[in-house]
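Novice: could you work out the structure for the sequence below:
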Amino acid sequence: CGAKQIGNFRVRKSPVWNGKSFLMLNWENDILFLSDNAKNILCASELSGFGFREVDNTKGTEKIADISQLIIEKFTEPGLLTDNNEQIRETNVCAFCGAIKYALSGRGISYQRSAFPNDADVVYCSEYFGVGHSASRLLFVSHRFRDTVSRNNLDSQLVFEPVTLI
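Specialist: Residues are numbered from 1 along each chain as shown. Purely as a prediction, here's the structure:
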């Protein structure tokens, strides 16, 4: 919880996208990478709240072609509604940093509408989610972001789950 990225991610080679446009590393659950095609489409859109960062080779000496990291610029205010026990399976405290982590039940999520910034189509939530040593933040996207991704067929293997705003 709370780790800060201090440099570019490093990979051995450009991924084989095979019709996909986004990917995640299995040990970084809240970091998205995207193809140049997806990056160009998002750059041409009027969406806001994100930027891009290069991905380097394993030695850190060159940029890898056709992959960029999606940088999310804003966070929500704390706004997870935990009154409904059906949505939160358990609450834990991280033994390392003391942050509260929530384990979702899979029955949806409710969030305060007022916690979202008005000027971003993509934001991270303030809360951490996970069990054991795992912790990540949820990524919230606007309808406009989801529609842009879907309209341009960039959503292969992406999962969008609705959030109840109260």
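
Novice: could you pick out the longest strand of this protein?
Specialist: strand 63-72 (DSSP state E).

Novice: pull out the buried residues from it.
Specialist: Neighbour-count burial for strand 63-72, counted by 16 or more other C-beta atoms under 10 Å, picks out 64, 67-70, 72. Glycine gets a C-beta too; all of them are placed from N, C-alpha and C.

Novice: same question, stretch 148-158
Specialist: So, applying 16+ other C-beta under 10 Å, buried residues of stretch 148-158: 148-149, 152, 154-155.

Novice: same check, this time on stretch 159-166
Specialist: Those would be V163, for stretch 159-166 by 16+ other C-beta under 10 Å.

Novice: mind checking the end-to-end distance for it?
Specialist: Start-to-end span of stretch 159-166 (C-alpha to C-alpha, to the nearest Å) is 22 Å.

Novice: counting neighbours, what do you get for the spatially closest residue to T148 that is not a sequence neighbour?
Specialist: Sequence neighbours aside, S45 is the residue nearest to T148 in space, at 5.1 Å (criterion: C-beta to C-beta, 6 or more residues apart in numbering). By the other C-beta atoms under 10 Å criterion, the neighbourhood of S45 contains 16 residues.

Novice: list phi and psi for the nearest residue to N152 once chain neighbours are set aside.
Specialist: Nearest non-adjacent residue to N152, counting by C-beta to C-beta, 6+ apart: I41, 5.0 Å away. Per-residue torsions, I41: phi -70, psi -40 (degrees, to the nearest 10).

Novice: need the contact partners of stretch 21-40.
Specialist: Stretch 21-40 is contacted by residues 9, 15, 17, 20, 42, 52, 55, 65-70, 124, 130, 134, 136-139, 149, 152, 154-158 when judged by C-beta atoms under 8 Å, 6 or more residues apart in numbering.

Novice: now do the contacts for A103.
Specialist: 88-92, 129-131.

Novice: which among these end up buried?
Specialist: Among the contacts of A103, those classed as buried by 16+ other C-beta under 10 Å are 88, 129-130.
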